[in-house]
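Undergrad: Kindly return the folded structure for what I paste below:
(one chain, ligands or ions: 3)
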Amino acid sequence: MALIVQKYGGTSVGSPERIKNVAKRVAKFQAQGHQVVVVVSAMSGETNRLIALTKEVAASPDPRELDVVVSTGEQVTIGLLSMALQDIGLRAKSYTGAQVRILTDSAHTKARILNIDEAPIRRDLQEGKVVVVAGFQGVDEKGSITTLGRGGSDTTGVALAAALKADECQIYTDVDGVYTTDPRIVPEARKLDTITFEEMLEMASLGSKVLQIRSVEFAGKYKVKLRVLSSFQEEGEGTLITVEEDTNMEQPVISGIAFNRDEAKITVLGVPDKPGIAYQILGPVADANIDVDMIIQNVGHDGTTDFSFTVSRGDLDKTVRILDGVKAHIGARAIESDKAAAKVSVVGVGMRSHPGVASRMFRTLAEEGINIQMISTSEIKISVVIDEKYLELAVRVLHKAFGLETA
Ligand code: ADP
Ligand code: ASP
Ligand code: MG
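TA: Numbering: from 1, shown residues only. Ligands and ions are numbered 1, 2, ... in the order given. Prediction:
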């Protein structure tokens, strides 16, 4: 008998029929003698609908109240799934994040889980119940409802699996595993049987939304056995996220290609080329809690230089306002912004032992006439910022150039 945490995403619970199918799958696992804890997302489209509603009543909604509203989608699905389970003869009990006491910090809309009280869940499981927990939400120590950031139900699933020391955490979604790149963009993308935590962390942080990055961090930290599977297929092993690199097989150089459209580029032109300038530009941006991603400072001419960096698009206007405020003080000539930037990255632990990945990447993009605006590298990834209109082309040609569909 195993203890399994199963997380079902929005599409998987997107209609009453699909919720009934989830109930059948859960019943199958229980009938095999396993204890099952289920984490569900809101029905697909619901969280977007709720966010849009809040924007209709307030230009910039208060984050605490925003969380009160957007967390409700998951409350609907836990109730519906529990009913569907009861309807086919199982004992089931739903819990909101606050009821199961998923304690988080107070960073509304992007809260971090601090602690989970797993005792009531264990009692229910021992009584033979299926426990159904709302994903994406928690409660802070003042009792305010918090949410964990978009895609946060993955993190609820893995955090519960860690707290319960579950045998496996299964993430059921609308694809049958982690692919070499988003199969919606490249139909030839190949499903991976395994991917290392390191690679999955990079893929998630660079834009592959199949798993929320924090869920991967949790799984790595607490050694949770994590698997991504399809909720629409009866059979299949999905993709296992592994700790060890596969040393038996010839390691592919690149495991996957990630991309992110949510990039905006800002260039501060003609700043004095002297010590402290990066701090003077980025200090006020950091103080406003805005995450800066890629940064480049150009070679100076005549005592001045240009300084570029990227932020997420939602933060662009705010960042430009901040820099306009400090422009005179810094001595900058002008501030330019570009909303149509995108980032594409190649990821793979095999890069460590195979030189030439960067040159192959740059040559491939050059052959298509795609201009590289920024570059950043780590041991296992190379990212470039390009014009968004070439993003899909870039992903497709790189996928082919690194032989990902045939490996
Ligand atoms: P859920 O609602 O189940 O959480 P998501 O939409 O958050 O599902 O994540 C699944 C989607 O992630 C897929 O439909 C796919 O388009 C996208 N995706 C992006 N990159 C990848 C990848 N490398 N492998 C598989 N899916 C990916
Ligand atoms: N419902 C939330 C969202 O759409 C959380 C999730 O689906 O994981 O982001
Ligand atoms: Mg998701």
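
Undergrad: Quick check, the residue in the stretch 51-200 of the chain closest to ligand 2?
TA: Ser153 (3.2 Å; C-beta to the nearest ligand atom). No exception for glycine: its C-beta is placed from N, CA and C like everyone else's.

Undergrad: In contact with that residue, which residues?
TA: Residues near Ser153 by C-beta atoms under 8 Å, 6 or more residues apart in numbering: Lys7, Gly9, Val39, Val40, Ser41, Glu74, Gly135, Phe136, Gln212.

Undergrad: near ligand 3, which residues of the protein?
TA: Gly9, Gly151 (C-beta under 5 Å from the ion).

Undergrad: ok so, going back, and the contacts of Ser153, which is closest to ligand 1?
TA: Gly9 (1.8 Å).

Undergrad: per-residue confidence for the closest one?
TA: If you check Gly9, the pLDDT there is 98.

Undergrad: What is the neighbour count of the residue of the stretch 301-407 of the chain found nearest ligand 1?
TA: Among the residues of the stretch 301-407 of the chain, Val347 lies closest to ligand 1, at 9.6 Å counting by C-beta to the nearest ligand atom. Neighbours of Val347 under the rule other C-beta atoms under 10 Å: 28.

Undergrad: thought it was touching Lys381?
TA: Yes: shown here, Val347 and Lys381 form a contact pair, counting by C-beta atoms under 8 Å, at 4.7 Å.

Undergrad: hey, what's in contact with both of the two?
TA: With C-beta under 8 Å, 6+ apart, Val347 and Lys381 have common neighbours Glu202, Leu206.

Undergrad: Ramachandran angles for the residue of the stretch 51-200 of the chain closest to ligand 2?
TA: When read as degrees, to the nearest 10, the backbone of Ser153 gives phi -70, psi -30.

Undergrad: With the one 3 residues further on instead?
TA: Thr156 has phi and psi values of phi -60, psi -50 when expressed as degrees, to the nearest 10.

Undergrad: Please enumerate residues in contact with stretch 161-169?
TA: For stretch 161-169, with C-beta under 8 Å, 6+ apart as the criterion, the contacting residues are 2-7, 37, 116, 118, 121-122, 157-158, 160, 218-219, 221-222, 224-227.

Undergrad: For ligand 3, see how far away Val37 is.
TA: Plainly put, Val37 is 18 Å away from ligand 3 if you go by C-beta to the ion, to the nearest Å.

Undergrad: what sits opposite that residue in the beta ladder?
TA: Val5, Val131 (DSSP bridges).

Undergrad: circling back to that earlier point, pull out the buried residues from the contacts of stretch 161-169.
TA: 3-7, 37, 116, 118, 121, 157-158, 160, 218-219, 224-227 (16 or more other C-beta atoms under 10 Å).

Undergrad: Among these, which are located in helices?
TA: Among these, the residues falling in helices (DSSP state H) are Ile121, Gly157, Val158, Leu160, Phe218, Ala219.

Undergrad: Pipe the residues you listed into JSON lines and attach pLDDT per row.
TA: Converted to JSON lines, these look like this (pLDDT from 0 to 100):
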{"residue": "Ile121", "pLDDT": "97"}
{"residue": "Gly157", "pLDDT": "98"}
{"residue": "Val158", "pLDDT": "98"}
{"residue": "Leu160", "pLDDT": "98"}
{"residue": "Phe218", "pLDDT": "93"}
{"residue": "Ala219", "pLDDT": "95"}
